[in-house]
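Participant: only geometry, no sequence info:
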Ligand code: GLU
């Protein structure tokens, strides 16, 4: 078919195999699948096992089987990040060559000290805004991480979320020079996700709202690497009774896709979170999915 040169719309679900599929991650999977189908596009899966320390063996396969039980089958062979480490090397090398990444030798305690000297009190559990100590060199310390040099680019990023509307973040001020790789090996999520979304030709990132805050960093990396910026839609989260994001443990409790009716019931709960109708009790997962496509299109992808 001649698409007039327009890119095939392509979405993806990118779970980290740190636990099985659960109520929360199914919402992101369903939302990204419906969005791709509503645009007549492709839906891909990427197993984000690049953070080898936190990923458990066998869980990537388990997630794929749970998705299939829900009728969510990717249009191409899933990508595993552990097979893509050479690409992350290339991207970091390109950033270093462009003067946009530098080695940092600071420990957490040193970062806290530097922040305290600037009068910034670092709240527990809050991310530290890196104060840029190693921008001009390691000062004889061993490298502990590679960081993105936000001060070398225009780091005040504005973008529009398809659900949440206009967003803005000054990455230097609100996040600082973020980590791309730890010197002992692991690649940071931000670098992996940007390299892989581009390699998979993703045009539409649809994922949970808890990831919204990462988008500005990812846009900065796309610009620095000369990669296209996809459209973003951050979907509602499953909330517990207290209104908080459901934890992995709670979300996984009693999550069951072992039979078609159990899978339909889980899909139906996920659909309600997205503002779609509940599935008909006689629907097979595939029938429920087909019914939700036009509903999704009306809510999130209305014709111009
Ligand atoms: N792997 C990430 C997670 O499970 C999601 C990445 C993304 O969708 O950008 O939280």
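Facilitator: Yep, that arrived. It should be emphasised that the depicted structure is a prediction, and the values quoted were computed from it without experimental measurement.

Participant: name the helix or strand for the residue in the stretch 151-300 of the chain that the ligand sits nearest to, please.
Facilitator: The stretch 151-300 of the chain approaches the ligand most closely through residue 207 (3.6 Å), counting by Cβ to the nearest ligand atom. Every C-beta, even on glycine, is put in place using the N, C-alpha and C of the backbone. According to DSSP states H and E, residue 207 maps onto strand 204-208.

Participant: pull out the buried residues from that strand.
Facilitator: For strand 204-208, burial by neighbour count (16 or more other Cβ atoms under 10 Å) applies to 204, 205, 206, 207, 208.

Participant: pLDDT value on the nearest residue to residue 269 once chain neighbours are set aside, please?
Facilitator: Nearest non-adjacent residue to residue 269, counting by Cβ to Cβ, 6 or more residues apart in numbering: residue 23, 6.5 Å away. We have a pLDDT of 93 for residue 23.

Participant: surely residue 23 meets residue 255?
Facilitator: Yes: between residue 23 and residue 255 there is a contact at 5.7 Å, judged by Cβ atoms under 8 Å.

Participant: tell me, what's touching those two both at once?
Facilitator: Shared contacts of residue 23 and residue 255, defined by Cβ atoms under 8 Å, 6 or more residues apart in numbering, comprise residue 266.

Participant: for the nearest residue to residue 232 once chain neighbours are set aside, give me the pLDDT.
Facilitator: Spatial nearest neighbour of residue 232, excluding adjacent residues (Cβ to Cβ, 6+ apart): residue 205 at 5.0 Å. Confidence at residue 205, expressed as pLDDT, is 98.

Participant: surely residue 205 and residue 233 touch.
Facilitator: Yes: Residue 205 lies in contact with residue 233 (Cβ under 8 Å); the separation is 7.3 Å.

Participant: which neighbours do the two have in common?
Facilitator: In terms of Cβ under 8 Å, 6+ apart, residue 205 and residue 233 are not both contacted by any residue.

Participant: next, count neighbours for residue 112.
Facilitator: As a burial measure, residue 112 scores 16 neighbours (other Cβ atoms under 10 Å).

Participant: for it, pull up the helix or strand it's in.
Facilitator: Assigned by DSSP H and E, residue 112 belongs to helix 108-117.

Participant: residues making contact with that helix?
Facilitator: Counting by Cβ under 8 Å, 6+ apart, residues outside helix 108-117 touching it are 106, 121, 122, 128, 129, 130, 131, 133.

Participant: which of these sits closest to the ligand?
Facilitator: residue 128 (20.6 Å).

Participant: where in the stretch 101-250 of the chain is pLDDT low?
Facilitator: Applying pLDDT under 70 to the stretch 101-250 of the chain flags the ranges 122-125, 241-243, 245-250.

Participant: what about 90?
Facilitator: Residues of the stretch 101-250 of the chain that meet the criterion pLDDT under 90 lie in 108-109, 112-128, 131, 139, 183-185, 238-250.

Participant: can you show me the helices along it?
Facilitator: Using DSSP state H, counting those that start in this stretch, the helices of the stretch 101-250 of the chain run over 108-117, 171-174, 189-199, 215-225, 248-252.
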